[in-house]
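Undergrad: no FASTA, just this:
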C-alpha cells in the first residue's frame, strides 16, 4: 500500500498537473517567488537563488496536498524519516527544475500574448463573481497580497511560458496502433500457478548478533543515525476563541443596541419595474403616436411582457418582458425613477413617461414593503455581534501587550503570562522538516529556529497565526548530530537479526528450489503451496513481488523462481499457465494515453537531466 502511495505522490506529470492547479492560487502565496530578499537560500541555479522561505512554503503545500489525498495513510509515510527527508529533496529538485524550465523558455523566446494573459486572468475563479470577472475584486485581492497588476502579469507570463515549454515537450508524444494493441495483449494477460511462503521469523530464535557486528554497522552507516536539529519550546498562546468565550454581553446592552440602531433591523421598501420604450427617432410625434397605440392595446387587455418583447425598442430588456430589475435611486433616468416610485401596487402601469431616451410605459412588477424585525428575533445575533466586536478589541489590546512585554523582558515569559493571565505551555520536540501538527506553520518555525531563540535564548517576536498569537522561547535545543551508539544499539541488533533471518529464509527457499528443479519432492518440508488461478497483471490479493515474478517468468516445464516479500519472508513461485490478453477496441484510447504518458515522462526527465548537466547548481539542503 505504501509503495502505491509513494508512486502516486511522485512523477513529473503529477507535478505539472499540480502546477496548473496551483497557478490559479498564485496571488495568495507567490511573494517568495517574486523577489524574496532573504540571503538564506536552499539552492542556487545559474546565480538565481531559491530562498528558504519559498522552499518551506512549497514543502508545506506538498505535505498538505498529500494529507488531503491520502488521509490517515499519510501518517504512515510521515513517520518514516527517510521518506520525509527524500520528500524535501524531491520538492527542492522540483523547484530547481521549475527554474531551469523558466530559463529555457526565456532563451527560446516562448511568450504568451497579452490577450492570452488577460484571458487567463479573467478565467480564474478567484477573480469572478457570479461566474463573471470582477475587476474590483481582482484589484482588491492583488492589493491584499501586496502585488500590483504589473507584478502579477509578469509572474503569470513567466509561469505560462514555462507551461508552454513543458506542453511542447510532453504533449508531442504519440503511440502507433500496433503498439497500443501489443500493450493491451500484455496488460490484459492472465497467469496461473502456485506459491509457498517461508517465514523469516522462524529463524530468529537461533540468531546471535555480535557486538562487533553492531559496532561495524553503526560506524559504516552514520547517516542512518543522523538526527536533525530539533527544539522544544515554552510558549504563550493568545487565542481569539478564548477571548470570545470570556466576553459577557448582558441583556441591557443588547436592548440598547436594538433601540439605538433602528435602521439596522428594518428593511427598506424594495420594488422592481419593467418598461416599454419607444425611441424618438427622426419623428417625435410618430413615436408618441406609437406609444399611445401600445398603451391602448395594454388597456384593452394585452399582456405587458408580450408587448415589451414585440414592441419595445429596448431589445435587451424586451427579451425579458421589459424587466429592469430592482428600482434604486440614482440607477435610472430620473423620470423613470419618479414614475416607478409613484406606482403603489404590483401590476400598476404608469401613464406615458418622457425621458431623454424616448417615451416609456412603466409597470411595477414587485413591491416588498418595509419591515422591522422583532427584538426577540434578532437578540441572539446582536449579542453575538457585540461579543465579537468586544473580543476583537480585547484581543488586539492583549496582543499588543504580549508583543510589548515579550520584547521588553526578553529573557522570560513569566511576567507576560502573569500579566495576561495565560499559561506557559511546552511543545513536543520540533524539527524543521517534520513539525507536529499545530507547530508546522512556516512563520512559527522561522521564529523557533531563529538565532535569537535558538542560540541567544531570547523570546521570539509575536507570531500571528490563524486567530492565534504566539510568543516562544527555547526550553531545550539539540543541534544536528549523530545519535550515540548506546541510543541505537537495540535497533541495530534487531535490524541485523532480521537481516540474517531473511537471508536464512532466502537460502532455505533456494535449497527447496534446487530440489524442485532436480525433480525431487519437497512434500516433507514445512511449506504449503497456494494455488494462483488466472490472476491479472494488476490488482488482486497476491503479494506484489510474487505477482511481479509470476509475470516475469517464461512458461517452461520447470517454471520455478524464488522471491523475497516486502516483509522479509521468502517465497517459491511456480508458473503453470499463460492466457494471452484480449484486444479491446473500446479501451484503445485509454491504452494510447497510457503509452503517451509514459513517453512524456521519459521526455521530461531527459530534458531536465540535460538542463541540469549544463547548469551551475548549488544545493544547500
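TA: Happy to help now that I have it. Here the structure is a predicted model, which means the values were calculated and not measured. Numbering: from 1, shown residues only.
Undergrad: give me the neighbour count for residue 448.
TA: The number of residues packed around residue 448, counting by other C-beta atoms under 10 Å, is 27. C-beta here means a position set from N, CA and C on the backbone, and glycine is covered the same way.
Undergrad: cool, and residue 503?
TA: For residue 503, using other C-beta under 10 Å, the count is 16.
Undergrad: quick check on it: phi, psi?
TA: Geometry field for residue 503 lists phi and psi as phi -60, psi -40, criterion degrees, to the nearest 10.
Undergrad: quick one: it from residue 346, how far?
TA: When distances are taken as C-beta to C-beta, to the nearest Å, residue 503 and residue 346 turn out to be 90 Å apart.
Undergrad: and what of residue 149?
TA: 46 Å.
Undergrad: residue 440: how many residues sit nearby?
TA: Residue 440 - counted by other C-beta under 10 Å - has 15 other residues nearby.
Undergrad: same question, residue 529
TA: Neighbour tally, residue 529, other C-beta under 10 Å: 14.
Undergrad: what sits against it?
TA: Shown here is residue 529, whose contacts under the criterion C-beta atoms under 8 Å, 6 or more residues apart in numbering are 194-196, 572, 574.
Undergrad: could you dump these to TSV with distance to residue 390 and secondary structure?
TA: Written out in TSV, the entries for the contacts of residue 529 read as follows (distance: C-beta to C-beta, whole Å; DSSP: H, G, I helix; E, B strand; the rest coil):
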residue	distance to residue 390	secondary structure
194	75	strand
195	71	strand
196	73	strand
572	75	strand
574	77	strand
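Undergrad: specify the local secondary structure of the residue most central in space within the chain.
TA: Ranked by distance to the mean C-alpha position of the chain (C-alpha atoms, centre = their mean), the top residue is residue 65 at 4.6 Å. At residue 65, secondary structure determined by DSSP: H, G, I helix; E, B strand; the rest coil is helix.
Undergrad: just give me the neighbour total for the residue nearest to residue 356 when sequence neighbours are not counted.
TA: Using C-beta to C-beta, 6 or more residues apart in numbering and skipping the chain neighbours, the partner closest in space to residue 356 is residue 333 (6.4 Å). By the measure other C-beta under 10 Å, the count of residues near residue 333 is 14.
Undergrad: measure residue 333 to residue 294 for me?
TA: Counting by C-beta to C-beta, the gap from residue 333 to residue 294 is 19 Å.
Undergrad: next one: residue 69
TA: In this view, residue 69 and residue 294 are 63 Å apart by C-beta to C-beta.
Undergrad: more neighbours: these two, which one.
TA: residue 294 (21 against 12).
Undergrad: may I see the buried residues of the helix or strand where that one lies?
TA: Following DSSP states H and E, the helix or strand that holds residue 294 is helix 284-299. The neighbour-count criterion (16 or more other C-beta atoms under 10 Å) identifies 287-288, 290-291, 294-295, 298 as the buried residues of helix 284-299.
Undergrad: angle of the next helix or strand after it against helix 284-299?
TA: Sequence order places helix 304-311 as the next helix or strand after helix 284-299, per DSSP H and E. What separates the directions of helix 304-311 and helix 284-299 is an angle of 150 degrees, with axes from the mean of the first three to the mean of the last three C-alpha atoms, to 10 degrees.
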